[in-house]
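Visitor: I need the structure of the sequence given here:
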Amino acid sequence: MTLLRRFGSVLALSVLIAGIGIAKAAPPTRIAEGWYAHNAMLVMLGAQDRIVATVARPSMLPWMFHLVPALGRAETLDPGALNAEELLKLHADLVFVTASGHAADPLSRAGLNVVEEGFDRFDGLLDCVDSTATLLQSSLATKRAQEYRAAFLKTVSGFQTNPNGPRVLHVESLHPLRVDGDSTIIDQWIRSAGGRNAADGVHGNKQPVSIEQVLAWNPDIIIVGAGAGDPSGLKGAPLWSQVSAVRNGKVYRNPAGLFPWDRYSPELMLQVTWARQLVQSGHVDADDMVKRIRQFYSEFYGISLSEADAGRMLAALPPG
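Guide: Below you'll find the model as predicted:
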């Protein structure tokens, strides 16, 4: 990926070449956010008041809009068709888009400063935090990025994959049935937790499969995404009830906060801890996790979260 594509036409002026500093562009003050997950990263880095437009919606991310009221003042963007004219009218001086969305070129040609983001590994998450903090050019963003990197690396250190660990299936949607395979950050946290991804032969996120395939895999543990649908009826379903995880009561709802923990946001650090408890001990220490959630929100989001709200996040429930 070229420097121009990765960091945008304006930021490219701020790189260091052979140790010689080139004048920086002014810090962005009007940000258009074209990637759902990246909203949480901007909040962590203290830039929520700079977001003038976003693809995020309260119906999809209720905790984010509940805890970050500034987002309620942002214009709502169509994630499938970011409109250059609309963004120019908003005077957006920085536009984030997904690297896989193919939106960067037409927006850049319209004169917008566009940055592509995307990752599928832990190190990519940390690089995204760092590059976003560099773009924001604030002392808070720099401090939070450094602290987050240190805390995340400490969280994931000292653990190795277990080739004999329990087989874990991560379900992104029950209806229609979709799962997450390898080459994903989901696969990495499953392995970091000491499990094996049960979705053998499946590559990428949100891949459609049949219940017959799930039965053939016969996972030991099933983790159902917070927005995937209600798994309570699986025990009464003829084929689902034959799956080992369902038969043994090993089906769990994945927690969700500002963003679903299991996917591509800073709360992945909480996900790693939660998943390790689940995979390695067979249960989650709710009291411990509530404490960890509240500490994380205070330290990295600057949000004072109540014990009740932390408990609802852990249970994959929306704001009460």
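
Visitor: can you pull out the helices in the stretch 151-300 of the chain?
Guide: Counting by DSSP state H, counting those that start in this stretch, residue ranges of the helices within the stretch 151-300 of the chain are 185-192, 211-217, 244-247, 268-281, 286-296.

Visitor: Mean neighbour count added to these, as TSV?
Guide: C-beta here means a position set from N, CA and C on the backbone, and glycine is covered the same way. Formatted as TSV, the helices of the stretch 151-300 of the chain follow (neighbours: other CB atoms under 10 Å):
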stretch	mean neighbour count
helix 185-192	24
helix 211-217	16
helix 244-247	19
helix 268-281	21
helix 286-296	17
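
Visitor: which stretch among those helices comes nearest Trp63?
Guide: Across the helices of the stretch 151-300 of the chain, Trp63 has its closest neighbour in helix 286-296 (11.2 Å, CB to CB).

Visitor: other SSEs contacting the closest one?
Guide: Helices and strands touching helix 286-296, by 3 or more CB pairs under 8 Å, 6 or more residues apart in numbering; DSSP states H and E, are helix 268-281, helix 307-314.

Visitor: For the last one, buried residues please.
Guide: Within helix 307-314, the residues that qualify as buried by neighbour count (16 or more other CB atoms under 10 Å) are Asp309, Ala310, Gly311, Arg312, Met313, Leu314.

Visitor: Based on its surroundings, how many neighbours for the residue nearest to the first one when sequence neighbours are not counted?
Guide: In this structure, Asp309 finds its nearest non-sequential neighbour in Pro319, 7.0 Å apart by CB to CB, 6 or more residues apart in numbering. For Pro319, the tally of surrounding residues (other CB atoms under 10 Å) stands at 12.

Visitor: domains of the protein?
Guide: Residue ranges for the domains of the chain, per automatic domain parsing: 3-155, 167-314.

Visitor: Would you mind giving these as CSV with mean pLDDT added?
Guide: As requested, these are exported to CSV (pLDDT from 0 to 100):
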stretch, mean pLDDT
domain 3-155, 87
domain 167-314, 96
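
Visitor: Ok, which of those domains comes nearest Thr161?
Guide: domain 167-314 (4.5 Å).

Visitor: Is it correct that Thr132 is in contact with Met41?
Guide: Yes. Counting by CB atoms under 8 Å, Met41 is a contact partner of Thr132 at 5.6 Å.

Visitor: neighbour count winner among those two?
Guide: For Thr132 versus Met41, neighbours defined as other CB under 10 Å are more numerous around Met41 (27 against 21).

Visitor: Who are the contact partners of the more buried one?
Guide: Cys128, Val129, Thr132, Ser265, Pro266 (CB atoms under 8 Å, 6 or more residues apart in numbering).

Visitor: Recalculate using a threshold of 10 Å.
Guide: Met41 is in contact with 33, 35, 47, 96, 117, 125, 128-129, 132-133, 141, 144-145, 148, 258-259, 264-266, counting by CB atoms under 10 Å, 6 or more residues apart in numbering.
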